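Q: curious how this folds, go ahead:
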Amino acid sequence: MSTQTYEDIRYELDGPAAVVTIDRPHRHNAFTARTVEELIKAFRSAWADPKVQAVILTGAGEKAFCTGGDVKQRAETGDYGPSESGLFEIGNLHKLIRDIPKPVIAAVNGVAVGGGHVLHVLCDVTLAADTARFGQAGPRVGSFDAGFGTAYLARVVGEKKAREIWFWCRQYDAAEAEHMGLVNKVVPAAELMTEAKAWAAEVAEKSPTALRFCKQSFNADTDHQAGLSNLAMSALDLFTASPEGLEGAAAFGEKRKPDFAAHVNWH
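A: Residues are numbered from 1 along each chain as shown. I've put the predicted structure just below:
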């Protein structure tokens, strides 16, 4: 059992699975810097625990899996809030989900949008409640993920669909997500965690070392995208402080349509 204490997440052991739950339903499970830091600690605990054979990532409540970075926090303070390290380590969380040598199962219980959508995409498999919805929101609120969130998504659903998802910021229901290969299986919402735990139990019967090599082999083809992710995070730091980026956060907080055209710099 993990000895860590958490405020924004829950970490529980259930048979061979570590169940990591983003527990901020009052903000639709949007993450702050502290949330990300706690998720990193939880995944490292799961990595270190020899009893854990798989990790299930899900969200608290029935409305949202995760809606990405807490835009309200960003509008209030200009960043994603404090953390022990003083850093916003979302890029490190992305890499950790890929690098942990155990299968990671996303159990999408509701809306997975923005940075929350990126999290499920990076998981090894995704199970979805029939009430789940998927999509990106960055360009709508003055944000983006030009790293794994775009490049790896294109590997999952293809270039044309990935561009549609990012450029138009539409939402897709669970059936549509399964059709495009974004989701492995759709189940009734009441059965989601039972199904996720069944998948974890089934994979726990397999050779952990064989699975580790398989996961690393799958990752090898796209590991170069980590470099794009680093560039994207650096660019995002600059962009969110620009007039255009600030307009997106302000409009979201004020519940109005952003006027990006008045702030864009084409040069």
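
Q: going by C-alpha atoms from here, please, whenever you check contacts or count neighbours.
A: Will do.

Q: poorly predicted segments of this structure, please.
A: Within the chain, the segments meeting pLDDT under 70 span 1-3, 267.

Q: which stretches of it form helices?
A: Taking DSSP state H to define them, one finds helices in the chain at 33-48, 71-77, 90-99, 115-122, 138-141, 148-157, 159-168, 174-179, 192-203, 208-220, 225-240, 243-254.

Q: put together CSV for these, with mean neighbour count and distance to Val108 on each row.
A: Formatted as CSV, the helices of the chain follow (neighbours: other CA atoms under 10 Å; distance: least, CA to CA, whole Å):
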stretch, mean neighbour count, distance to Val108
helix 33-48, 22, 16
helix 71-77, 18, 21
helix 90-99, 19, 16
helix 115-122, 24, 8
helix 138-141, 20, 19
helix 148-157, 20, 17
helix 159-168, 16, 18
helix 174-179, 18, 9
helix 192-203, 18, 8
helix 208-220, 14, 21
helix 225-240, 16, 23
helix 243-254, 20, 24
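
Q: which of these sits closest to Ala106?
A: Ala106 sits nearest to helix 115-122 of all the helices of the chain, at 5.5 Å, using CA to CA.

Q: may I ask you to confirm that Glu178 is in contact with Val187?
A: No: if you go by CA atoms under 8 Å, Glu178 and Val187 don't touch, sitting 10.9 Å apart.

Q: can you get me a residue count around Val113?
A: 27 (other CA atoms under 10 Å).

Q: no, scratch that, I was asking about Val55
A: 29.

Q: turn the helices of the chain into a markdown table, including distance to Lys63.
A: Formatted as a markdown table, the helices of the chain follow (distance: least, CA to CA, whole Å):
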| stretch | distance to Lys63 |
| --- | --- |
| helix 33-48 | 18 |
| helix 71-77 | 17 |
| helix 90-99 | 23 |
| helix 115-122 | 13 |
| helix 138-141 | 20 |
| helix 148-157 | 22 |
| helix 159-168 | 21 |
| helix 174-179 | 14 |
| helix 192-203 | 13 |
| helix 208-220 | 31 |
| helix 225-240 | 27 |
| helix 243-254 | 19 |
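
Q: which among those is found nearest to Ala107?
A: Here helix 192-203 is closest among those (CA to CA), at 6.4 Å.

Q: quick one: contacts of the closest one?
A: Helix 192-203 is contacted from outside by 14-17, 53-56, 103, 105, 107, 109, 127-129, 187, using CA atoms under 8 Å, 6 or more residues apart in numbering.

Q: now stretch 61-78
A: By CA under 8 Å, 6+ apart, stretch 61-78 touches 22, 25, 27-32, 58-59, 79-81, 107-117, 132, 241, 246, 249-250, 252-253.
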